[in-house]
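Colleague: 3D model of this:
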Amino acid sequence: MKPAELYRPLLAEVVRLTELPEEQLLHSNLEECADARSVLVYALSRYLTDTQIATLIGRTRQGVNFIRQGFDARRSKWSVESNWKAISKYLASNPFQSK
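Modeller: Next up is the predicted model:
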């Protein structure tokens, strides 16, 4: 599977859940955008390397690593945790994305 085949549907699902525009989700520094981006990066990190994720979302590998490493701290927020649960269910229900 190509990384983009995983990325596009997962990004669309995060956009649907958070109701944030894609461009804003990927590039804005607003807290809700950073939270949504962290859910996206963490979900992608289950299947892709930091370098692949960085290429897809337009960040550096170090930036992706920083987002991924900080995810556990963000999970204490209700919105992040509820979005993560929904994304986890989405990943589990899509066989083309199974490990």
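
Colleague: Next, the contact list for the residue nearest the centre of the chain, please.
Modeller: Among the residues of the chain, the one closest to the centroid is residue 40, at 0.4 Å (CA atoms, centre = their mean). Residues near residue 40 by CB atoms under 8 Å, 6 or more residues apart in numbering: 10-11, 14, 25, 57. Yep, even glycine has a C-beta here, placed from its N, CA and C like the rest.

Colleague: Which parts of this structure are strands?
Modeller: Using DSSP state E, the chain contains no strands.

Colleague: Where does pLDDT dip in it?
Modeller: 95-99 (pLDDT under 70).

Colleague: and the gap between residue 1 and residue 80?
Modeller: Residue 1 sits 27 Å away from residue 80, taking CB to CB, to the nearest Å as the criterion.

Colleague: Those two - which one has more neighbours?
Modeller: Taking other CB atoms under 10 Å, residue 1 and residue 80 do not tie; residue 80 has more neighbours (20 against 9).

Colleague: Check the gap between that one and residue 34 for me.
Modeller: Where residue 34 is concerned, residue 80 sits at a distance of 10 Å (CB to CB).

Colleague: Out of the contacts of residue 40, the closest to residue 49 would be?
Modeller: Among those, residue 57 lies closest to residue 49 (CB to CB), at 12.9 Å.

Colleague: mind listing what the closest one touches?
Modeller: Counted by CB under 8 Å, 6+ apart, residue 57 has contacts 26, 37, 40-41, 64.

Colleague: As JSON lines, those with distance to residue 52 would be great.
Modeller: Converted to JSON lines, the contacts of residue 57 look like this (distance: CB to CB, whole Å):
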{"residue": "26", "distance to residue 52": "15"}
{"residue": "37", "distance to residue 52": "16"}
{"residue": "40", "distance to residue 52": "13"}
{"residue": "41", "distance to residue 52": "11"}
{"residue": "64", "distance to residue 52": "9"}
